[in-house]
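How does the following fold in three dimensions:
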Amino acid sequence: MKNFDAKVAVITGAGSGIGRALALNLAGKGTRLALSDVDDRGLAETVDLVKNAGAREVRSDHLDVADRAAFTAYAEQVVEHFGQVNLVVNNAGVALAGDLVDLQYADMDWIMGINFWGVVHGTKEFLPHLIASGDGHLVNISSLFGLVSMPGQSMYNAAKYAVRGLSEAVREEMLVAGHPVGVTVVHPGGIKTAIARSARYSDKEDGAESAKFFDAKLARMEPERAAEIILKGVESDKARVLVGIDAHAVHQMAKLLGSRYQDVVANRAKKLAPTKIV
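Numbering: from 1, shown residues only. This next block holds a predicted model:
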């Protein structure tokens, strides 16, 4: 996909962060937009912003990506509305922090429903339409934590590793079948979004301190810059896009050390991670 003008882009989690930044970037390129989120207020703000940015056409919908029936109906409605879909960005995501032994199953189901099954739903429901468009591209947002694991992030790691595996396999399937669909899996590092502030935490974690730590120490890149990098990756048909110096540095460290990177990460976490609640 070399040109976004008049194409139809579907973006989940468009109410803030990277999703909003992608919508604004594409609005300036003449792309027609189908935006969704569970945050109705944030989504309405995004719609106002993209309209002010000169969006050619925008549709907005409340969507829980974990709800399979709702996602199926949503995909049908979007295709009926626009007549085609060229770009799908499965961006909606949440965070859950805490050692596995301290997590509750309800929270584990919650994060997998959104971060993994939400991507599966978006991929499966829209893939036939991307193929039919003759010029389609699928973007699934994984994470740096889909390349390396971190203590206290077991379920987030599990979901993001799964997104990576799903995306790479689907890309291979498109190549084998000769379908005109590119697939890009994105691995952002620390991006300045509200994900840590809206996360769930185990009873042993100090959520406020953890969010403060993320915002002050880890979130380094503005979402607008992340959106630029992602869309350049789409234009170049990259299979994998790393976003941020931190993503590149940690990925290279893990490649260099092999499985021993886990010892390095554990040692650093002991020194830097916020203190747990006893």
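
how much space between the residue lying closest to Y161 once chain neighbours are set aside and S259?
Closest residue to Y161 apart from its sequence neighbours, by CB to CB, 6 or more residues apart in numbering: G146 at 5.2 Å. To be clear about C-beta, it is placed using only N, CA and C from the backbone, and glycine gets the same treatment. According to CB to CB, to the nearest Å, G146 stands 17 Å off from S259.

got it, and K212?
For K212 relative to S259 (CB to CB), the value is 31 Å.

in this structure, which ranges drop under the pLDDT threshold?
Applying pLDDT under 70 to the chain picks out residues 278.

how about a cut-off of 50?
In the prediction, the chain carries no residues with pLDDT under 50.

Which helix runs longest in it?
helix 154-177 (DSSP state H).

what about dumping the CA coordinates of that helix to CSV?
Extracted C-alpha coordinates of helix 154-177, given in CSV (Å, rounded to 0.1, in the frame of the first residue of the first chain):
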residue,chain,number,x,y,z
SER,A,154,3.1,-12.5,32.4
MET,A,155,-0.4,-12.2,30.9
TYR,A,156,0.5,-9.0,28.9
ASN,A,157,3.5,-10.9,27.6
ALA,A,158,1.4,-13.9,26.8
ALA,A,159,-1.1,-11.9,24.8
LYS,A,160,1.5,-9.9,22.9
TYR,A,161,3.6,-12.9,22.0
ALA,A,162,0.4,-14.5,20.7
VAL,A,163,-0.3,-11.5,18.6
ARG,A,164,3.2,-11.8,17.1
GLY,A,165,2.7,-15.5,16.3
LEU,A,166,-0.7,-14.9,14.8
SER,A,167,0.4,-12.0,12.6
GLU,A,168,3.5,-13.8,11.3
ALA,A,169,1.5,-16.9,10.4
VAL,A,170,-1.2,-14.9,8.7
ARG,A,171,1.5,-13.0,6.7
GLU,A,172,2.9,-16.4,5.5
GLU,A,173,-0.6,-17.5,4.6
MET,A,174,-1.1,-14.4,2.4
LEU,A,175,2.2,-15.0,0.7
VAL,A,176,1.5,-18.7,0.1
ALA,A,177,-2.0,-17.9,-1.3
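
For K212 and S259, indicate the residue with more neighbours.
Counted by other CB atoms under 10 Å, K212 and S259 do not tie: K212 has more neighbours, with 14 against 7.

quick one: the more buried one from R171, how far?
Going from K212 to R171 by CB to CB gives 38 Å.

From the contact counts, what lies against whichever strand or helix holds A70?
Assigning secondary structure by DSSP states H and E places A70 in helix 68-82. Where contact means 3 or more CB pairs under 8 Å, 6 or more residues apart in numbering; DSSP states H and E, helix 68-82 is packed against strand 8-11, strand 32-37, strand 57-62, helix 117-133.
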